[in-house]
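>>> just a sequence and a predicted model for now, questions to come.
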Amino acid sequence: MMVNILCIDNSKTIRQVVKDCVLDLNYGFFEAKDGNAGIDLADSIDSLKMIIIDWNILGLSGGDILNYFRSNDKFNNLLILVLIGIENKEDVIKAIGMGANMYILKPFSVSNLQDKIEEMIKNAA
């Protein structure tokens with residue numbers, strides 16, 4: 001079964017880095033530049049396994065996006081990884097408390113992101 005991952009981030013650069021990481025791992029990749037687009041897109045992706053959310057995204061906040069997925073039964077088993085800027089690391093506790101499975105502080109390395117993705121998918125299997 002194909003594993004699909006959605007990245008919701010307003011930074012084109014971050015989306016490109018995440019895309020390269022995900023494709024290197026041989027997973028399917030989808031992207032959205034804001035929360036509303038991401039929520040709409042998530043509904044149409046088969047085998048959606050993970051969402052990577054920018055916590056400090058413009059528009060709908062990372063917390064709003066996280067709440068949407070955690071309060072929607074369709075996404076019960078969804079893995080959620082939040083990207084949190086190092087300057088906002090106090091938000092980590094909030095994000096985990098709201099239901100994020102894992103976080104990574106920005107800036108992050110490609111290998112660190114790939115390790116987190118692999119670890120989350122393996123542990124969920």
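Structure received.

>>> surely residue 124 touches residue 77?
Yes. Using CB atoms under 8 Å, residue 124 is in contact with residue 77, at 7.4 Å. Bear in mind the C-beta positions are built from the backbone N, C-alpha and C, glycine included.

>>> for those two, indicate the residue with more neighbours.
Neighbour count, other CB atoms under 10 Å: between residue 124 and residue 77, residue 124 has more, with 13 against 8.

>>> quick one: low-confidence parts of the protein?
1 (pLDDT under 70).

>>> would you map the strands across it?
Secondary structure of the chain (DSSP state E): strands at 4-8, 28-32, 48-54, 79-85, 102-106.

>>> indicate which one of those strands is closest to residue 73.
Counting by CB to CB, residue 73 lies closest to strand 48-54 out of the strands of the chain; the figure is 14.0 Å.

>>> can you give the distance of the closest one from its chain's centre?
Remark: strand 48-54 is offset 3 Å from the chain centroid, using CA atoms, centre = their mean, to the nearest Å.

>>> which residues touch that strand?
3-11, 14, 18, 27, 30, 38, 42, 62, 65-66, 69, 75, 78-83, 100, 117, 120-121, 124 (CB atoms under 8 Å, 6 or more residues apart in numbering).

>>> going by neighbour count, which of those residues are buried?
For the contacts of strand 48-54, a neighbour count by 16 or more other CB atoms under 10 Å gives the buried set as 3-9, 11, 14, 18, 27, 30, 38, 42, 62, 65-66, 69, 75, 78-83, 100, 117, 120-121.

>>> measure residue 106 to residue 48 for me?
23 Å (CB to CB, to the nearest Å).

>>> so between the two, which is more surrounded?
More crowded of residue 106 and residue 48, by other CB under 10 Å: residue 48, with 22 against 17.

>>> how many neighbouring residues does the nearest residue to residue 74 once chain neighbours are set aside have?
Distances taken as CB to CB, 6 or more residues apart in numbering put residue 43 closest to residue 74, at 7.7 Å, once the chain neighbours are dropped. Residues lying near residue 43 (other CB under 10 Å) number 10.
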